[in-house]
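Q: I'd like to go over a predicted model; first the sequence, then the structure.
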Amino acid sequence: MMINNRKQGGLALISVLLIFAIVAVLATAMIDRQSLDIQRSANLQALQQARAYTSGIEYAVRSGLQLDFEADKTVDHLLEEWAKPHTYPLEPGVAEIQIFDAQSRFNLNSLHKTASNRAVQIQRFKNLLAELGIDETIADRAQRFIDEESLVDNDYLSAEPPYRASYNLFKHPSELMLVEGVDREAYRKLAPYIATLPVAATINVNTASDKVLAALSTRWSLADADKVISGRGEKGFTKVDDFWGLPEVAEFTGSSENSNPGQSNDEELNNKEVWDKADFSVNSQYFEVFSKVTLADRIATVEMLIYRNAETGKMRTYYRDYSRTDAKIPPVISENNNKDANSEFDQY
């Protein structure tokens, strides 16, 4: 009887120890789960707070652009306050803001059939592609991609997964990657030089980079573009006529004083490349904003395209893209100014 009692006591002790072990494991699991939930909630709160900061940044940027408009609505150049990168301390964290002039870039929508000088714009895009070492035929495929009369669906329905051409204006530069032949590497090279604006948007010659300027003509090189950049000075041209009167530009203006006296006007026009003055401006209405907020090791980013009316200064946001992780690093403006714009963006 005593032996049975000892056995029962031993079994009871083992059962108690087993229960304590199970309880300990469950308690540890609960504590770990609770700790994970707390951390997840903290991360979510930090991310939501960072997102809230990006919303506030949009209003701050609009205020800055409004002040710039009130100071001088006729000229925009790269020494103005909006063009400088800004960093603001947060607790705990930091907010980084950079504004780019979208009209300093090639407008992909100028390839659309409604553009008044579509053939010229296609050639300019080819020039830009060649300058960057990218297949020039992408320009032809891009214009067909947005032209419903081109009927190029078969080129894309065989893709994996299959899709159709948009037959519509580009809404965001990244849509160019849907065009046959544009891979990530090609888009990475192109991104700082392209924008998606209304068809009639002009190029701001005060902010355009050397590569965008050089792409204006097959006759131009980066050296010619650098001369234009030197000619505009630090604060840019005050009017388009100043750009139009540059020696490097004069041969494209089609003015009679630049004609060859040995040729008729018709022969001269056939032999010369003539630009449309309406393609150019010295001020801008479209600004691309990149904001990066780092808060408690959480990061929130947003890229926005903001429109500012040239007459009234009223603004609206065309799109917000929360998928980007870095700003589109701008190109070096000119070798002559001895300043690599990329150095300003190492923080990104």
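A: That came through fine.
Q: Can I take it that Arg316 is in a helix?
A: No: counting by DSSP: H, G, I helix; E, B strand; the rest coil, Arg316 is not part of a helix but strand.
Q: List the contacts of it.
A: Ile306, Tyr307 (CB atoms under 8 Å, 6 or more residues apart in numbering). All C-beta atoms are positioned from the backbone trio N, CA, C, and that covers glycine.
Q: 7 Å - rerun?
A: Arg316 sits next to Tyr307 when contact means CB atoms under 7 Å, 6 or more residues apart in numbering.
Q: How about it: which residues does it bridge to?
A: Taking DSSP bridges as the rule, Arg316 bridges to Tyr307.
Q: Would you check how far apart it and Arg308 are?
A: 9 Å (CB to CB, to the nearest Å).
Q: ok, which stretches of the stretch 51-200 of the chain are strands?
A: 86-90, 93-101, 106-107, 194-195 (DSSP state E, counting those that start in this stretch).
Q: Okay, now the unreliable bits of the stretch 151-300 of the chain?
A: The model of the stretch 151-300 of the chain has pLDDT under 70 over residues 255-271.
Q: Quote the end-to-end distance of stretch 156-164.
A: Taking CA to CA, to the nearest Å, the first and last residues of stretch 156-164 lie 6 Å apart.
Q: which other residues reach that stretch?
A: By CB under 7 Å, 6+ apart, stretch 156-164 touches Asp153, Ala165.
Q: do stretch 174-185 as well
A: So stretch 174-185 is contacted by 108, 135, 137-138, 141-142, 145, 155, 166, 170, 187, 190, 194 (CB under 7 Å, 6+ apart).
Q: Hmm, Ile97 is touching Lys292, no?
A: No: with contact defined as CB atoms under 7 Å, Ile97 does not reach Lys292; the gap is 8.0 Å.
Q: just to revisit the earlier point, please identify which of the strands of the stretch 51-200 of the chain is closest to Asp224.
A: strand 106-107 (17.0 Å; CB to CB).
Q: residues in contact with that closest one?
A: For strand 106-107, contacts defined as CB under 7 Å, 6+ apart pick out Arg124, Phe125, Leu128, Tyr193, Ile194, Ala195, Leu197, Ala201, Val212, Ala215.
Q: Filter the contacts of stretch 174-185 down to the buried ones, ChimeraX style.
A: Selection of the buried residues among those in ChimeraX, burial being defined by 16 or more other CB atoms under 10 Å:
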select :108,138,141,142,145,155,166,170,187,190,194
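Q: Can I get the contacts of stretch 174-185 in a markdown table including distance to Gln34?
A: Putting the contacts of stretch 174-185 into a markdown table (distance: CB to CB, whole Å) gives the following:
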| residue | distance to Gln34 |
| --- | --- |
| Leu108 | 51 |
| Asp135 | 56 |
| Thr137 | 59 |
| Ile138 | 54 |
| Arg141 | 56 |
| Ala142 | 54 |
| Phe145 | 53 |
| Asp155 | 55 |
| Ser166 | 49 |
| Phe170 | 49 |
| Tyr187 | 45 |
| Leu190 | 49 |
| Ile194 | 49 |
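Q: and which of the contacts of stretch 174-185 is nearest Gly233?
A: The closest of the contacts of stretch 174-185, once distances to Gly233 are taken by CB to CB, is Ile194, at 26.2 Å.
Q: mind checking how far the closest one is from Pro161?
A: 25 Å.
Q: on that earlier part again, any chance of the strands of the stretch 51-200 of the chain in a markdown table, with distance to Val75 too?
A: Output for the strands of the stretch 51-200 of the chain, formatted as a markdown table (distance: least, CB to CB, whole Å):
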| stretch | distance to Val75 |
| --- | --- |
| strand 86-90 | 21 |
| strand 93-101 | 12 |
| strand 106-107 | 20 |
| strand 194-195 | 20 |
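Q: highest average neighbour count across these?
A: Burial among these, expressed as mean neighbours by mean count of other CB atoms under 10 Å, is greatest for strand 106-107, which shows a mean of 25.
Q: That one pairs with which strands?
A: Here strand 106-107 has these sheet partners by DSSP bridges: strand 194-195 (parallel).
Q: What pairs with the following helix or strand past the partner strand, parallel or antiparallel?
A: Moving toward the C-terminus from strand 194-195, the next helix or strand (DSSP states H and E) is strand 203-204. Note on strand 203-204: by DSSP bridges, its sheet partners are strand 280-281 (parallel).
Q: what does the partner strand contact?
A: Contacts of strand 280-281 (CB under 7 Å, 6+ apart): Thr202, Ile203, Asn204, Val205, Val240, Phe243.
Q: what's the angle from the helix or strand following it to strand 86-90?
A: Where DSSP H and E defines the elements, the next helix or strand beyond strand 280-281 is strand 286-295. Taking axes from the mean of the first three to the mean of the last three CA atoms, to 10 degrees, strand 286-295 and strand 86-90 form an angle of 30 degrees between their directions.
Q: Taking strand 93-101 as reference, get the angle to strand 286-295.
A: 170 degrees.
Q: elements contacting strand 286-295?
A: If contacts are counted by 3 or more CB pairs under 7 Å, 6 or more residues apart in numbering; DSSP states H and E, strand 286-295 sits against helix 2-71, strand 93-101, strand 298-308.
Q: Any idea which of the ones you listed gets closest to His112?
A: Closest approach to His112 among the helices and strands packed on strand 286-295 (CB to CB): strand 298-308, 17.6 Å.
Q: List of residues touching the closest one?
A: The contact list for strand 298-308 (CB under 7 Å, 6+ apart) reads 43, 46-47, 50-51, 54, 58, 61-62, 65, 69, 102, 285-293, 315-322, 324-325.
Q: Many thanks, have a good one.
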